Every structure is written in structure tokens, then in C-alpha cells.
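>>> One predicted model, sequence on top.
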Amino acid sequence: MTKPCIICVAITGSLPRKAHNPAVPISVAEQVESTHAAWEAGASIAHCHVRKEDETPSSDPERFARLQ
Ligand SMILES: [Zn+2]
């Protein structure tokens, strides 16, 4: 018998930058690609952050809208 579960991925945190890990998805395109890969691996929820051009965290709703 299998036990159902929900997999939530945090594809990028608010603080890691490319200098810390070149693989961390920062741009919208990178986050979409990473989220799609996680979905293909079984994830159904993605916890997301958005960044400014300098990779610092942002709470700008317009940046979140671009990520939808
Ligand atoms: Zn977070």
C-alpha cells in the first residue's frame, strides 16, 4: 500500500546568489525551468522567491506576477 504525500520544493531561497552556487535559479526563466524539472520529478508545490537584477531579494508584486 502506498502512502500519498505532497512534495513541496524550494527551488531558490531568498539569499543564495550565483556566487554561492552557480546552479541556483535566479531569473524567471531559470525558476520556471527548475520548477518544471521538480514537477517532472513529482513535486506539486513550489515555494518561490523573486530577485532584483542584482540578485538581492524583492517583494515586488510585479516581479512575482512575472513568475506565474
Ligand atoms: Zn522561502
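Great, that's in hand.

>>> can we go C-alpha only for contacts and neighbour counts from here?
Fine.

>>> What does the pLDDT read for the residue positioned nearest the centre of the chain?
By Cα atoms, centre = their mean, the chain has its centre lying nearest to residue 11, at 3.5 Å. Looking at residue 11, its pLDDT is 92.

>>> ok, now residue 68?
Value for residue 68, per-residue pLDDT: 81.

>>> Can you report how many residues lie near it?
Counted with other Cα atoms under 10 Å, the neighbours of residue 68 add up to 7.

>>> on that earlier part again, surely the residue nearest to the centre of the chain is in contact with residue 25?
Yes - Residue 11 is within contact range of residue 25, at 7.0 Å (criterion: Cα atoms under 8 Å).

>>> Spell out which residues are contacts of both of the two.
Listed as contacting both residue 11 and residue 25 by Cα atoms under 8 Å, 6 or more residues apart in numbering are 31, 34.

>>> and the residue nearest to the centre of the chain, what does it touch?
With Cα under 8 Å, 6+ apart, residue 11 has these contacts: 24-25, 31, 34-35, 46-48.

>>> And for residue 8?
43-47.

>>> Now residue 8. Nearest residue, chain neighbours left out?
residue 45 (4.5 Å; Cα to Cα, 6 or more residues apart in numbering).
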